[in-house]
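Novice: Structure of the sequence below:
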Amino acid sequence: MSAREAIIREIKVAPESLVRETYDFILFLKRRRSREQEDEVARKTTAKPDFLARQQALFGSRVIPDSQVILDELRAERF
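Specialist: Numbers count the residues shown, from 1 in each chain. Model (predicted):
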């Protein structure tokens, strides 16, 4: 006996309130699965920006020093 057949057999003898609750739960599971699939598709299709290409377009092959080095140089100039 399959799970579907076992569920149908149990629903036939269950009180109406339990049948309504079971139906509501099945709809909840279907909505949740649908949302999860939509989220997965959205995650796969979301293009991530190519920051390295953008940096190279803006600055070319120049190396940008670490910000701490810049701050240290500015502090040294003040004193």
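Novice: When you work out contacts or count neighbours from here on, use the C-alpha atoms and nothing else.
Specialist: Fine.
Novice: For residue 15, grab phi and psi.
Specialist: phi -70, psi 160 (degrees, to the nearest 10).
Novice: err, residue 7, not the other one
Specialist: Torsion angles, degrees, to the nearest 10, at residue 7: phi -70, psi -40.
Novice: how close does it sit to residue 69?
Specialist: As judged by CA to CA, to the nearest Å, residue 7 and residue 69 stand 68 Å apart.
Novice: which stretches of the chain aren't confidently modelled?
Specialist: Scanning the chain for pLDDT under 70 picks out the ranges 62-65, 79.
Novice: Would you state the helices of it in chain order?
Specialist: Along the chain, the segments classed as helices by DSSP state H run 3-13, 16-45, 51-59, 67-78.
Novice: Same list (these) but as CSV, adding mean neighbour count.
Specialist: What follows is those, written out as CSV (neighbours: other CA atoms under 10 Å):
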stretch, mean neighbour count
helix 3-13, 11
helix 16-45, 12
helix 51-59, 11
helix 67-78, 10
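Novice: Tell me the spacing between residue 4 and residue 61.
Specialist: Going from residue 4 to residue 61 by CA to CA gives 64 Å.
Novice: do the same with residue 68
Specialist: Counting by CA to CA, the gap from residue 68 to residue 61 is 21 Å.
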